[in-house]
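Asker: model this:
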Amino acid sequence: MLMANANVYLTFLLLIWLLKSGQSAPNAASNYVQDACSVTRYRALCINSLASFSSTAKTSPSKWARAGISVTIGETKNVAQYLMKVKNYREMRGRYKIPLSDCIECLRNAMDQLHGSLGVLRKLSARNFYTQMGDVTTWLSAALTDQDTCLDGFENPRGKQAKMLRNRVLRSSYFTSNALALVSKLATSGLESLNDP
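Answerer: Got it, this is the predicted structure:
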């Protein structure tokens, strides 16, 4: 009886130890993304959209900046595809025809700027670091301006599709804002961030 109780007790301790040791990895990953997103304006969106990058980005400002732009490209691409789809909706033909065309053009420009930014971040060099950071910051700011210009055409939306369109473009601008903040963090980290893990 005493031996059985000892086995149960040891099994219980082992189980607790396994549960505790299994929790440290997710907590560390959670801390990485929370730390990275601490500089962003839309923190919850940042954490939710970038959590899957924690195990690879860890404490690397350059990896977080690339991840931020990558998810922004995905989100902006989805919004652009949505705009092409709603272009043919009856509700979008009258009053919203011109603003919708302008919006599609703005998001195409934003996509070009986002892709250009990601391309530069993939080829960062010590010799051109500050010039590259200036270029990326300028392009991301321009992408944000393009998204804001798109929103101007849908200032007081009427109808379900127009409201949905505005909300989706607005959300994509939040992603861009977060990416810009992550790039700014990289720029202030300086050349040391090129040698990060």
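
Asker: quick one: the helices in the protein?
Answerer: When assigned using DSSP state H, the helices of the chain occupy the ranges 2-37, 43-50, 54-57, 61-86, 97-122, 129-152, 160-189.

Asker: Make JSON lines from those helices and add mean neighbour count and mean pLDDT to it.
Answerer: All C-beta atoms are positioned from the backbone trio N, CA, C, and that covers glycine. JSON lines is the format used below for these (neighbours: other CB atoms under 10 Å; pLDDT from 0 to 100):
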{"stretch": "helix 2-37", "mean neighbour count": "12", "mean pLDDT": "56"}
{"stretch": "helix 43-50", "mean neighbour count": "18", "mean pLDDT": "97"}
{"stretch": "helix 54-57", "mean neighbour count": "17", "mean pLDDT": "92"}
{"stretch": "helix 61-86", "mean neighbour count": "21", "mean pLDDT": "95"}
{"stretch": "helix 97-122", "mean neighbour count": "18", "mean pLDDT": "95"}
{"stretch": "helix 129-152", "mean neighbour count": "19", "mean pLDDT": "96"}
{"stretch": "helix 160-189", "mean neighbour count": "21", "mean pLDDT": "95"}
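
Asker: For Leu140, give its distance to Ile104.
Answerer: 20 Å (CB to CB, to the nearest Å).

Asker: just Gln113 next, same as before
Answerer: Counting by CB to CB - Gln113 and Ile104 are separated by 15 Å.

Asker: List the residues that contact the residue nearest the centre of the chain.
Answerer: Geometric centre of the chain, nearest residue: Gly68, 3.8 Å, by CA atoms, centre = their mean. Gly68 makes contact with 46, 50, 175, 178-179, 181-183, according to CB atoms under 8 Å, 6 or more residues apart in numbering.

Asker: Go through those and say which is closest to Leu83.
Answerer: Phe175 (15.8 Å; CB to CB).

Asker: Could you verify my assumption that the closest one touches Val71?
Answerer: Yes. Counting by CB atoms under 8 Å, Phe175 touches Val71, with 6.3 Å between them.

Asker: list the residues that contact both of those two?
Answerer: Common contacts of Phe175 and Val71, defined by CB under 8 Å, 6+ apart, comprise Ser49.
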